[in-house]
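need coordinates for the below:
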Amino acid sequence: MWGWLYGVDSETIPQEYQLLPCSKDKAIIALYQELKETYIQREITVIKNLISYLSAESGKTSEMN
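Numbering: from 1, shown residues only. Reported below is the predicted structural model:
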């Protein structure tokens, strides 16, 4: 699922590594919770990007400040 970040072809990655351990909606909720608990700018940027990506994959828009 995340191979596009590193230029990895998803066909070469085993299926069990391509799936999230939960639904995309639950992952987004968990990321929002983590966003409230971190103060490191790099982590905040990564979390916001993950939320945006998962929201786009789910066909939803995310509202982030």
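
mind listing what Ile40 touches?
Shown in contact with Ile40 (CB atoms under 8 Å, 6 or more residues apart in numbering): no residues. All C-beta spots, glycine's among them, are computed from the backbone N, C-alpha and C.

what packs against the biggest helix by length in the chain?
Longest among the helix segments of the chain by residue count, using DSSP state H, is helix 41-58. For helix 41-58, the elements it packs on are helix 24-37, judged by 3 or more CB pairs under 8 Å, 6 or more residues apart in numbering; DSSP states H and E.

for the helix it packs on, name the packing helices and strands.
In terms of contacts (3+ CB pairs under 8 Å, 6+ apart), helix 24-37 is packed against helix 41-58.

can you list the buried residues in the helix it packs on?
Of the residues in helix 41-58, 47-48, 50-51, 53-55 count as buried by neighbour count, 16 or more other CB atoms under 10 Å.
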